[in-house]
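Student: Quick one, structure for this:
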Amino acid sequence: MSHYLKPGRLGDVIAAIQAMGTYKFYKLDFKGWADRLSANEQLADQWRRVFEEHPEFFRLDGERTKASLVWRRQYTRRYHVDQERTLTREELEKLPASERATRISRTPLQATDINTLIKTAIDLHSRDVEARKESRWWVPLAAAVGSLIGAIGGAVIGGLMGGR
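Tutor: Model (predicted):
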């Protein structure tokens, strides 16, 4: 079964795209995302599954303890989360190493970028729904064929029993 066909999954993917695309830090651990997305760190495993099952949007870090949005990972790490702006290379180089490590992230996505990702998620969900419908075309046919075989078999048996 497609992951998009799981109850509530499309909504979870859309929520994650919105939060991960705009939050000042591009990457958090699963508890951090669960808190941002659901206001409940206890849902960390649920969000981990969403991230793992949708690599078309999300990636885990090398240790597989943090998740980020693929699109956002393509930007360089020059966004200062406190100043809410992208620093020049020169400004970045002047920062102390500790500040670069803790206060610099990747640039948040624009509304149009997020809209594109959400539209893509909806399109993928719609395709999976259609594919599921198309894979069931044979069910009514099988029921009709089964009924026909049953009727023919009943008539044959009835004819044999009536001839006694």
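
Student: Okay, helices next: where are they in the chain?
Tutor: Here the chain has its helices, by DSSP state H, at 9-22, 30-38, 44-53, 70-73, 89-94, 97-103, 111-134, 138-162.

Student: Could you export those helices as CSV, including mean pLDDT, mean neighbour count and distance to residue 64?
Tutor: Any C-beta I mention is one placed from the backbone N, CA and C, and that applies to glycine too. Below are the helices of the chain laid out as CSV (pLDDT from 0 to 100; neighbours: other Cβ atoms under 10 Å; distance: least, Cβ to Cβ, whole Å):
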stretch, mean pLDDT, mean neighbour count, distance to residue 64
helix 9-22, 98, 20, 17
helix 30-38, 98, 19, 10
helix 44-53, 98, 18, 9
helix 70-73, 97, 17, 15
helix 89-94, 96, 11, 28
helix 97-103, 97, 12, 21
helix 111-134, 92, 14, 22
helix 138-162, 62, 10, 40
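
Student: Including distance to residue 2, could the ones you listed go into a markdown table?
Tutor: Listed next are those as a markdown table, based on distance: least, Cβ to Cβ, whole Å:
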| stretch | distance to residue 2 |
| --- | --- |
| helix 9-22 | 9 |
| helix 30-38 | 21 |
| helix 44-53 | 10 |
| helix 70-73 | 19 |
| helix 89-94 | 42 |
| helix 97-103 | 39 |
| helix 111-134 | 4 |
| helix 138-162 | 18 |
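
Student: Between those, which one is closest to residue 80.
Tutor: Closest to residue 80 of those is helix 97-103 (Cβ to Cβ; 6.0 Å).

Student: From the rest of the structure, what touches stretch 98-115?
Tutor: 17-18, 21-27, 69, 71-73, 75-82, 86-87, 92, 95, 117 (Cβ atoms under 8 Å, 6 or more residues apart in numbering).
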